[in-house]
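Undergrad: Sequence first, then the predicted structure, then my questions.
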Amino acid sequence: MIGRVSRRGCAFAVAGAAAMLACGATAQSALPTEAQARDYVRSLLVTSPYRIPRLARLGEIRYRVAFAPGRAWSWPETGEQHVIARGEDIELRICADCGREPAPTAAALRAALAANDWVRSDDRRIRAFARAHARGGSVDTRMTALSEAVARHMTGPIDFRRYDDAVAALETRSGDCTEFAVLLAAAARSLGMPARVAHGIAYAERFDGEAHVFMPHAWTQVWDGQRWRSYDAALGRFDAGHIALFIGDGSPEGLSGLAPVVRSLRVVAAAGVARDTASPAHRPPSP
């Protein structure tokens, strides 16, 4: 996902694991080495002030976050994320239904159903994959089945260097979180479910040798008729460890400024986590 030259001929500069890519490099830009890509991803890790076990992440977590002086960001309200300004800090309340995002307009829903160069929901291979794996009548049941199918399908190597479209992800079975997200979004759209891609950070107990960090991440959101609901094929499920910074259509457009924002972000506190399920990040996890 780093240094990717798209099939439309637009090259993207080195960015990071959440597809924080800036369009404008030349088509001759060299693909970074795996070591360079990993170093770049590590530069985008955000330290957690607490160890946040899985059980706690299944409930509600209230974060207090802050930026370096002079940095600002327009935080998205979603179906699961509620944003409250607290002076120079921001409080984020995240749970399955914490958000207060307004219902989308008809035009927004049409856009979330349309194919694009990255979410290629009009491709016959995507449609066949979606039809083969979608089960049940409700949006949530079908999306859960599709998310699990994408996770089973993507058995190839993790590659932080590229940002591939949904068809490439389907055919190569490889990529990282963005390929999982665009493939799941494409499958959803092909079945008439409006879908978009969220970019931000997600909590990891371990990532590339680091403990208790938030890593750059991308996941899929689908409109279920009442609200936008998140599905994460890469990590297995959405939980309160996911913090959204940007909502997009699956393309890298609009992400050019995201990497410096992540670098300047601090997670100051995580409230609403029970004392018996959270411990300071410097202490080792319980066995």
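TA: Structure received.
Undergrad: need the strands for this protein, in chain order.
TA: Residue ranges of the strands in the chain, as given by DSSP state E, are 11-12, 23-25, 46-47, 50-51, 61-67, 81-86, 89-94, 195-207, 210-223, 228-231, 242-248, 265-271, 279-280.
Undergrad: So, low pLDDT: which residues of the stretch 1-150 of the chain?
TA: 1-30 (pLDDT under 70).
Undergrad: Let me know which of the strands of the chain is the nearest to D123.
TA: Closest to D123 of these is strand 195-207 (Cβ to Cβ; 14.8 Å). In this view, the C-beta of every residue, glycine as well, is placed from N, C-alpha and C.
Undergrad: for the closest one, packing partners?
TA: Helices and strands touching strand 195-207, as assessed by 3 or more Cβ pairs under 8 Å, 6 or more residues apart in numbering; DSSP states H and E, comprise helix 177-190, strand 210-223, strand 242-248.
Undergrad: now, of these, which is deepest in the fold?
TA: Ranked by mean neighbour count, the helices and strands packed on strand 195-207 are led by helix 177-190 with a mean of 30 (mean count of other Cβ atoms under 10 Å).
Undergrad: what angle sits between that one and strand 195-207?
TA: 150 degrees (axes from the mean of the first three to the mean of the last three Cα atoms, to 10 degrees).
Undergrad: who does helix 177-190 touch, helix- and strand-wise?
TA: helix 124-133, helix 139-153, helix 166-172, strand 195-207, strand 210-223.
Undergrad: Mind putting the strands of the chain into JSON lines with distance to D39?
TA: Formatted as JSON lines, the strands of the chain follow (distance: least, Cβ to Cβ, whole Å):
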{"stretch": "strand 11-12", "distance to D39": "18"}
{"stretch": "strand 23-25", "distance to D39": "18"}
{"stretch": "strand 46-47", "distance to D39": "16"}
{"stretch": "strand 50-51", "distance to D39": "25"}
{"stretch": "strand 61-67", "distance to D39": "23"}
{"stretch": "strand 81-86", "distance to D39": "30"}
{"stretch": "strand 89-94", "distance to D39": "28"}
{"stretch": "strand 195-207", "distance to D39": "14"}
{"stretch": "strand 210-223", "distance to D39": "13"}
{"stretch": "strand 228-231", "distance to D39": "29"}
{"stretch": "strand 242-248", "distance to D39": "21"}
{"stretch": "strand 265-271", "distance to D39": "19"}
{"stretch": "strand 279-280", "distance to D39": "27"}
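Undergrad: Just name the most buried of the ones you listed.
TA: Highest mean neighbour count of those: strand 210-223, a mean of 24 (counted as mean count of other Cβ under 10 Å).
Undergrad: one step back: can you put the helices and strands packed on strand 195-207 in TSV and add mean pLDDT?
TA: Shown next, in TSV, are the helices and strands packed on strand 195-207 (pLDDT from 0 to 100):
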stretch	mean pLDDT
helix 177-190	97
strand 210-223	96
strand 242-248	97
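Undergrad: Out of these, the one nearest I94 is which?
TA: Nearest to I94, of all the helices and strands packed on strand 195-207, is strand 242-248, at 6.8 Å by Cβ to Cβ.
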